[in-house]
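> Predicted coordinates and the sequence they were generated for:
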Amino acid sequence: MTVVLVGTSHHHAPVEVRERVALDLEGAAALAAELADGCEAVCLSTCNRTELYLAGDDAAALEHRAVRVLAALGGADEARLAPVLYRLHGASAALHAFRVAAGLDSMVPGEGEILGQVRAAYEAGRPGPVLDRLFRQALYAGKKVRAETAISESPTSVASAAAALAEQVFGELRGRSVLLIGAGHTGRVAARNLAKRGATITAVANRAGERADSVARAFGARAVALEDVTAVLDAVDVVVSSTSAPGVILPADRVAAALPARKGLPLFLIDIAVPRDLDPAIHGLDGCYLYDIDDLESVVAESLAGRREEAVRAEAIVAQEAERFAAWHAARDVVPAIALLRERAEEIRAGELARAETGLERLSDSERRVVESVTAAIVNKLLHLPTVRLKEAAAGTDGGAYADAVRHLFGLGEQPEDGERS
Amino acid sequence: MVELLFWPALVAYGEAAVAYAGHARHPGVLGRAATWGVRVGWLVQTALLVVEAVRVEGFPWATWAGSLNLFVWLVVSVYLVWGCRPRYRLLGLAVMPPAAALLALSYVAGGIGRDEAADSSTVFLVLHVGLVLAAFAGFTLAAALAALYLWQERRLKRREAGIFRLVAPALVSLDELAARTTALALPALTLGIAVGVARLVQRDDGLDALGAATFVTWAVYAVVVAARYGLHWRGRRVARLTVAAFGLVVALQLALPVAHVA
């Protein structure tokens, strides 16, 4: 039984193609159910990829079926879709699945969302023994990569960098309060990111009062006038500023004046406005940490570089897991062959003893036991080396071929010829 | 038996120190190996201390070399309370190499495997030496936490782009932990000193240089605790004060006799 993967991703296809073959989870589940006729099927569809994993005996037929389905989804004929599709079989397909789960095939290396998407696809799919093992091991590999490397620890956007830096100051953001200055899109995204990590947006300040009111309502915060910002500085932990003001709106001396009331508690300030809203001299005040857009972007760039470095270590982990899967898969071919071989040998031994029954009648019980044990020992010794060699071959890539050869040479799975019957 | 326990403990602490150094370069599996090194080493050292105490049926750590053995165990014990959390692994780099070195020094100086207990009563020694050493273990960790705070704060002030490459505890957590550790260690030192003073009064002895240094230590840390909780000093200021206090105490200890004159 072979694993076949047919799919397309952001590496191969533009968004116009990807969006045509994209499915929601329900659609992916329905497609897997449709494909699972005589084979195992799992459909993984995210914004960056749609992949069909099938496992069955006839790899060529499975691949053809998957291509046909994707072509139908994309509303194009197979020949037009072919250049953007990848088709992988066996160990290559498994390695790809592991890389996907580890986030190594993602646009941002190590991104965390893909692991949940792989799990959802697996749970919604129709896996049998092979795909079940493949996906469980892929999820394990994904977790292992995230636990043993730092690939997923750093932020990948300005907003998430701002939130992660706030965590470097305060630890958990639960219970921390945020002042949002300006009601623009970028600031709201940064504030939302902080809120997602547990912080509370307590005040929104904006020049245009109405806009501040509506944004404040959306966050469940109170609106304050831009001129009154200093009054709330003693009660907040994080300040996010992104107004379109032409110059500095919060000078360092106003922040310094608010510090005694803070009793030494740190203040983290994020300035994503250009031109800058917050006086750069604030960063020099004791307990104040001010990051502007350039600082945040350099943190993101460094994080991405770090992720790429960690990806090298992650690839080694994934390759190890792929090898383990290949060994398991090869053993799947070999173990039944070994069992059949031993069964057949035992059948022959028992048959031959039965045929010699008349000649053995005059033997005493102890002599019969000796004959039994000698014949069993001969069979065991004859089969020992082939068994060991088959198991060794299973660890490599030849396991299937060896198992087929044994089945063929010993006629395993066929009806024994008359002469062999007892 | 003592040898059988000492070497595995030293090897485990050594492994933890090396693994923490490796973790600082490549965060990941080495961090976990370091954590396990600390846990295994601590368990083995605990067994070592129990065996030593049972063998002499008393308190065998009254000499300075023996105190080192007990001190290392106390430091690692306090570190284990939170040090196994991934974010605090960097602290291990400050704690475990000195712990391994001090344990080795204790062994070389004959502080491990002594055949006789100290002359003084076990209850007095447990209370006096135990409490004073526990307090010093606390001050040591508070200094390590404060040093880590200053390092992390400097990274934030310098706006280091690679700040996420090496995960460190948050500033606020470090500040809180250092303050709490000092605040817990000071009462332990106070009790330890009180027991020692009671003993001096009972024996009608005077205060020697080491005793005076311990009083100075108490006064220095009383100032640290008063600044933190009375004056609400936080952050860089109190971290610097904690490190300076520890430096002063270490200098005092090094400049004076390592044991009481009596």
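That came through, no problem. Numbering: from 1, shown residues only, chains lettered A, B, ... in the order given.
> where does the stretch 101-250 of chain B come near chain A, residue by residue?
Residues of the stretch 101-250 of chain B lying near chain A by C-beta under 8 Å from any C-beta of the partner chain: B:152, B:156-157, B:159, B:161-165, B:167-173, B:232-238. All C-beta atoms are positioned from the backbone trio N, CA, C, and that covers glycine.
> how does it look with 6 Å?
Taking C-beta under 6 Å from any C-beta of the partner chain as the contact definition, the stretch 101-250 of chain B meets chain A at B:156, B:159, B:161-162, B:164-165, B:170-173, B:232, B:234-235.
> By neighbours, which of these wins?
The most crowded member of those, judged by other C-beta atoms under 10 Å in any protein chain shown, is B:Leu171 (26 neighbours).
> what's the nearest residue to it if we skip its chain neighbours?
Closest residue in space to B:Leu171, ignoring its immediate chain neighbours: A:Val169 at 5.0 Å, by C-beta to C-beta, 6 or more residues apart in numbering or on different chains.
> name the element that neighbour belongs to?
Taking DSSP states H and E as the criterion, A:Val169 maps to helix A:158-170.
> name the helices or strands packed onto that helix?
helix A:185-196, strand A:267-271, helix A:293-355 (3 or more C-beta pairs under 6 Å, 6 or more residues apart in numbering or on different chains; DSSP states H and E).
> and the direction of it versus that of helix A:293-355, what angle?
90 degrees (axes from the mean of the first three to the mean of the last three C-alpha atoms, to 10 degrees).
> Dump helix A:158-170 to CSV, restricted to CA.
This file holds the C-alpha atoms of helix A:158-170, laid out as CSV (Å, rounded to 0.1, in the frame of the first residue of the first chain):
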residue,chain,number,x,y,z
VAL,A,158,4.9,44.4,13.5
ALA,A,159,1.8,44.0,15.6
SER,A,160,2.8,40.6,17.0
ALA,A,161,6.3,42.0,17.7
ALA,A,162,4.9,44.8,19.7
ALA,A,163,2.8,42.4,21.8
ALA,A,164,5.7,40.0,22.2
LEU,A,165,7.9,42.9,23.4
ALA,A,166,5.3,44.0,25.9
GLU,A,167,5.4,40.4,27.2
GLN,A,168,9.2,40.7,27.6
VAL,A,169,8.5,43.6,30.0
PHE,A,170,5.3,42.4,31.8
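> got a list of contacts for it?
A:155, A:176, A:189-190, A:193-194, A:197, A:238, A:266, A:268, A:270, A:296, A:299-300, B:170-172 (C-beta atoms under 6 Å, 6 or more residues apart in numbering or on different chains).
> quick revisit: export the helices and strands packed on helix A:158-170 to JSON lines and tack on mean neighbour count?
Below are the helices and strands packed on helix A:158-170 laid out as JSON lines (neighbours: other C-beta atoms under 10 Å in any protein chain shown):
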{"stretch": "helix A:185-196", "mean neighbour count": "20"}
{"stretch": "strand A:267-271", "mean neighbour count": "28"}
{"stretch": "helix A:293-355", "mean neighbour count": "18"}
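> Just give the nearest non-adjacent residue to the residue at minimal distance from the centre of chain A, would you?
In chain A, the residue lying closest to the centroid (C-alpha atoms, centre = their mean) is A:Ala101, at 2.1 Å. Among residues not flanking A:Ala101 along the chain, A:Gly142 sits closest, at 3.6 Å (C-beta to C-beta, 6+ apart).
> element containing the residue in chain B sticking out farthest from the centre?
The outermost residue of chain B relative to its centre, with distances by C-alpha atoms, centre = their mean, is B:Ala161 at 33.1 Å. B:Ala161 belongs to no helix or strand when assigned by DSSP H and E.
> what number of residues lie near A:Gly56?
For A:Gly56, using other C-beta under 10 Å, the count is 21.
> got a pLDDT number for the nearest residue to it once chain neighbours are set aside?
Closest residue to A:Gly56 apart from its sequence neighbours, by C-beta to C-beta, 6+ apart: A:Cys39 at 3.3 Å. pLDDT for A:Cys39: 92.
> before we move on, the earlier item: possible to save the residues of the stretch 101-250 of chain B next to chain A as a markdown table with secondary structure?
What follows is those, written out as a markdown table (DSSP: H, G, I helix; E, B strand; the rest coil):
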| residue | secondary structure |
| --- | --- |
| B:Leu156 | helix |
| B:Arg159 | coil |
| B:Ala161 | coil |
| B:Gly162 | coil |
| B:Phe164 | helix |
| B:Arg165 | helix |
| B:Ala170 | coil |
| B:Leu171 | helix |
| B:Val172 | helix |
| B:Ser173 | helix |
| B:His232 | coil |
| B:Arg234 | coil |
| B:Gly235 | helix |
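> Please report the distance of the residue of chain A positioned farthest from its centre from A:Glu352.
Of all residues in chain A, A:Arg362 has its C-alpha farthest from the mean position, at 69.4 Å, by C-alpha atoms, centre = their mean. Using C-beta to C-beta, to the nearest Å, A:Arg362 is found at 18 Å from A:Glu352.
> Repeat that for A:Lys381.
The separation that A:Lys381 has from A:Glu352, given C-beta to C-beta, amounts to 16 Å.
> Surely the residue nearest to A:Gly56 touches A:Leu54?
Yes. In this structure, A:Cys39 is within contact of A:Leu54 by C-beta atoms under 6 Å, at 5.3 Å.
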